[in-house]
Each structure stands twice: as structure tokens, then as C-alpha cells.
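[1] any chance you can model this:
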Amino acid sequence: MRITSFLLLLFGLSGCWFKPAVIGNSAPFSGAGGHVVHVISHGWHTGLVVPAKEIQARIPALQDQFGDVGSLEFGWGDKGFYQAE
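    Residues are numbered from 1 along each chain as shown. Next up, the predicted model:
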């Protein structure tokens with residue numbers, strides 16, 4: 001039991017040892033049939049922003065809910081934490 005706990009601790013700490021690479025801004029995709037998706041950072045949460053017409057064409061309830069908007073943002077997380085200032 002002691003060796004298992006030690007190995008789990010060692011494995012967990014090894015994940016803190018390395019810094020992941022940061023991917024910088026890249027050139028927009030210029031292929032045919034592409035879709036525009038923006039990744040938005042709100043500090044501690046991330047959202048995906050897509051053109052509303054493309055999504056509302058497939059999910060008409062979004063048109064009823066949000067009306068004529070240019071884009072829709074999808075995010076996820078705990079409601080209380082996500083809406084915190």
C-alpha cells in the first residue's frame with residue numbers, strides 16, 4: 001500500500017514538472033467548405049463562437065430563443081462559477 005501511494009504521488013508530481021507548449025495564432029484555413037469558429041477566453045472559462053445562421057438552420061429552437069443575432073457562443077461549466085465576476 002505504501003509503495004502504491006508513493007508511485008501515485010510520483011506520477012502526479014511528474015505531470016507538474018513539464019510545461020505544455022503554447023500554440024500561437026495560426027493562419028486561417030482557406031480550404032473549400034470551411035466553417036468559422038472562434039475560441040474565446042474569459043479568463044478561467046473558454047467559449048466557442050460560431051455564426052448563428054449555420055447553427056440555427058440545424059437547430060430552429062435557437063432562432064426562437066435568441067432571434068436574429070450574428071453569432072452564438074457555447075460554453076460549459078458550473079453555472080455559479082461560470083457567471084462569477
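[2] the strands in the protein, which residues?
    38-41, 46-51, 71-75 (DSSP state E).
[3] in the sheet, who's paired with S71?
    Assessed by DSSP bridges, S71 has beta-bridge partners P51.
[4] distance to A61 added to the strands of the chain, as CSV?
    All C-beta atoms are positioned from the backbone trio N, CA, C, and that covers glycine. Supplementary listing: those in CSV, determined by distance: least, C-beta to C-beta, whole Å:
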stretch, distance to A61
strand 38-41, 23
strand 46-51, 16
strand 71-75, 12
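[5] same list (those strands) but as CSV, adding mean neighbour count, mean pLDDT and distance to L62.
    Below are the strands of the chain laid out as CSV (neighbours: other C-beta atoms under 10 Å; pLDDT from 0 to 100; distance: least, C-beta to C-beta, whole Å):
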stretch, mean neighbour count, mean pLDDT, distance to L62
strand 38-41, 10, 87, 17
strand 46-51, 15, 89, 11
strand 71-75, 14, 89, 7
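[6] which residues touch S41?
    If you count contacts by C-beta atoms under 8 Å, 6 or more residues apart in numbering, S41 has none.
[7] distance check, it against I23.
    13 Å (C-beta to C-beta, to the nearest Å).
[8] what stretches of this protein score poorly on pLDDT?
    20, 28-31, 77-79, 81-85 (pLDDT under 70).
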